[in-house]
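*Asks:* here are the coordinates; sequence isn't available:
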């Protein structure tokens, strides 16, 4: 099931979807007499590619996910809890580069937010959650190495090094925290699905979203970059669609 998700899901990501439409259009142009249909199909692919890469649609898709839960940004909002859980977000184990470069951006932002909260809450412990995917070393170990280098004591960290996805993380973390309330740190876009999965098991997570992709600049409202297609826009669209697919899949299987 895990490999099925990893293979089928990406077929619906913006870049893959547009490429699939382009291929269908080219087949119609080159190998059939449906020239006009082929042109229409390719035109649809181009329009979708532009929409997914331009700023407006990615923001429209991603913002509702990121704004469901407010961040813990002020000291007065800090809850008194024992556990701070940081969910993994992807990595590549490569001992030839710095350990901070082995984590994907989402994982690194989540970890930094978890460490920030840990430093602000006396007596708290970090639970770093993430097992091995396609690498020999669990992601939780890489996160622990970075946390240690940033000043977190090893005795203040607990590693969950078996899970392969968010659903697995929820079940394994439940065995550690029991009925205790805890802070849950993950990407803002990933938080709705994470909260739903944890709550379905009867747990009481306190959301602490990190790694926001939609940011409102307080400076100039007109930026030259906003008039051009952006790889960042395509990445934001991909993130949003990934989460919507994840929510739909979890709901279909009764996990949320």
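*Replies:* Good, I have the coordinates. Keep in mind that this is a model prediction, so the values were computed, not measured.

*Asks:* Looking at the record's assignment, how would you partition the protein?
*Replies:* 2-65+230-252, 74-210 (automatic domain parsing).

*Asks:* where along the stretch 151-256 of the chain do the helices fall?
*Replies:* For the stretch 151-256 of the chain, the helices defined by DSSP state H, counting those that start in this stretch cover 166-177, 191-200, 231-252.

*Asks:* still on that earlier bit, with mean pLDDT and distance to residue 218 added, can I get the domains of the chain in CSV?
*Replies:* From N, CA and C alone the C-beta is placed, and that goes for glycine too. Shown next, in CSV, are the domains of the chain (pLDDT from 0 to 100; distance: least, C-beta to C-beta, whole Å):
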stretch, mean pLDDT, distance to residue 218
domain 2-65+230-252, 93, 17
domain 74-210, 96, 18
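
*Asks:* Of those, flag the one that's most buried.
*Replies:* domain 74-210 (a mean of 19; mean count of other C-beta atoms under 10 Å).

*Asks:* That one: how far from the chain's middle?
*Replies:* Its chain's C-alpha centre lies 12 Å from the corresponding centre of domain 74-210 when counted by C-alpha atoms, centre = their mean, to the nearest Å.

*Asks:* And that domain, end to end?
*Replies:* Using C-alpha to C-alpha, to the nearest Å, one end of domain 74-210 lies 14 Å from the other.

*Asks:* distance of residue 65 from residue 171?
*Replies:* Residue 65 sits at a distance of 23 Å from residue 171 (criterion: C-beta to C-beta, to the nearest Å).

*Asks:* again with residue 247
*Replies:* 18 Å.

*Asks:* okay if I get the helices of the stretch 151-256 of the chain as CSV plus distance to residue 134?
*Replies:* Shown next, in CSV, are the helices of the stretch 151-256 of the chain (distance: least, C-beta to C-beta, whole Å):
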stretch, distance to residue 134
helix 166-177, 15
helix 191-200, 22
helix 231-252, 17
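
*Asks:* Excluding chain neighbours, what is closest to residue 40?
*Replies:* residue 25 (7.9 Å; C-beta to C-beta, 6 or more residues apart in numbering).

*Asks:* nearest to residue 18, of the helices of the stretch 151-256 of the chain?
*Replies:* Residue 18 sits nearest to helix 231-252 of all these, at 9.3 Å, using C-beta to C-beta.
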